[in-house]
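K.L.:
only geometry, no sequence info:
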């Protein structure tokens, strides 16, 4: 049996960040929650698509 990673859950990633901003969770716990919610996949997809933040300049 192989493990299939579930698709990223943006709602969970955002909820984890919100908890951090409110001071409800420690940074390490927030990072762990974001990782298990698929943050790495989201970031890789954004980088692969060439996305840049609004207002950012490319060098």
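P.N.:
Happy to help now that I have it. In this text, all values refer to a predicted model and were calculated from it rather than measured experimentally.
K.L.:
just the helices in this protein please.
P.N.:
Here the chain has its helices, by DSSP state H, at 10-21, 27-36, 39-49.
K.L.:
Which of those sits closest to residue 4?
P.N.:
With C-beta to C-beta as the measure, helix 39-49 is the member of those nearest residue 4 (12.5 Å). Where you see a C-beta, it was placed from the backbone N, CA and C, and this is true even at glycine.
K.L.:
how big is the angle separating that closest one from helix 10-21?
P.N.:
If you take axes from the mean of the first three to the mean of the last three C-alpha atoms, to 10 degrees, helix 39-49 sits at 110 degrees to helix 10-21.
K.L.:
quick one: low-confidence ranges for the chain?
P.N.:
56-59 (pLDDT under 70).
K.L.:
okay, the helices of the chain in a markdown table with mean neighbour count next?
P.N.:
Formatted as a markdown table, the helices of the chain follow (neighbours: other C-beta atoms under 10 Å):
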| stretch | mean neighbour count |
| --- | --- |
| helix 10-21 | 14 |
| helix 27-36 | 14 |
| helix 39-49 | 12 |
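K.L.:
So what's the residue count around residue 38?
P.N.:
Residues within reach of residue 38, counting by other C-beta atoms under 10 Å, total 19.
K.L.:
Setting aside sequence neighbours, what's the nearest residue to it?
P.N.:
In space, and not counting its chain neighbours, residue 38 is closest to residue 8: 2.9 Å by C-beta to C-beta, 6 or more residues apart in numbering.
K.L.:
thinking again about what came up before, out of the helices of the chain, nearest to residue 55?
P.N.:
Going by C-beta to C-beta, the one of the helices of the chain nearest residue 55 is helix 39-49, 15.6 Å.
K.L.:
between that closest one and helix 27-36, how many degrees?
P.N.:
For helix 39-49 against helix 27-36, the angle by the same axes, to 10 degrees is 60 degrees.
K.L.:
starting at the chain centroid, how far to helix 39-49?
P.N.:
Relative to its chain's centre, helix 39-49 lies at 9 Å (C-alpha atoms, centre = their mean, to the nearest Å).
K.L.:
go on, stretch 31-45?
P.N.:
Remark: stretch 31-45 is offset 4 Å from the chain centroid, using C-alpha atoms, centre = their mean.
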